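Peer 1: This is a predicted model, with the sequence first.
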Amino acid sequence: MRPGQYKGEIRPVHGPSWLARGSDTESHLDQIVDFITTHPMEFVVLTMESTSAAQLTHPLKEKLCQMLLAKFKHYMVTLQDELCLATVTMGQLWELDKRIVVIVESALLPDIPDAKNVYDKQGLYNWSVV
């Protein structure tokens, strides 16, 4: 998913420069929550990517991260789960009722000291585009 900014709100971006003006990011995330709630044996990898066409402001980055944490907190794989993502089995994930891993591009994290480590610990794993 690529979130962008349109009239002060977080909107999904489709294509290189087109914002989905009729939909909002929160409703897309709600659909993912509905899916993982009604399909407990499925596992979702959600990747949040930045787009240069619609950069988010600092307050919207904070809002996005808080929205992701609030929506998926019960089902997210976090560092506190002490799971190795490279070797974890579905059985281990099901045992812990984990259904989603959220990967956020570093450019979408709020500009706060040590943001990468702060959000990694809560379950928003980050990656950087080189």
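Peer 2: It's in.

Peer 1: where along this structure do the helices fall?
Peer 2: Counting by DSSP state H, the segments of the chain that form helices are 25-38, 58-72, 90-95, 115-122.

Peer 1: List the contacts of the last one.
Peer 2: Just to be clear, that refers to helix 115-122. Helix 115-122 is contacted from outside by 65, 69, 78-80, 104, 106, 109, 112, 126, using C-beta atoms under 8 Å, 6 or more residues apart in numbering. No exception for glycine: its C-beta is placed from N, CA and C like everyone else's.

Peer 1: wait, which of these is closest to Ser50?
Peer 2: Using C-beta to C-beta, Ser106 comes nearest to Ser50 of the contacts of helix 115-122, at 8.3 Å.

Peer 1: Count the neighbours of that closest one for me.
Peer 2: Neighbour count of Ser106, defined by other C-beta atoms under 10 Å: 13.

Peer 1: Nearest spatial neighbour of the residue most central in space within the chain, chain-adjacent residues omitted?
Peer 2: The centre of the chain sits closest to Val102, judged by C-alpha atoms, centre = their mean, with a distance of 4.4 Å. Leaving aside its chain neighbours, Val102 sits nearest to Leu46 (5.0 Å; criterion: C-beta to C-beta, 6 or more residues apart in numbering).
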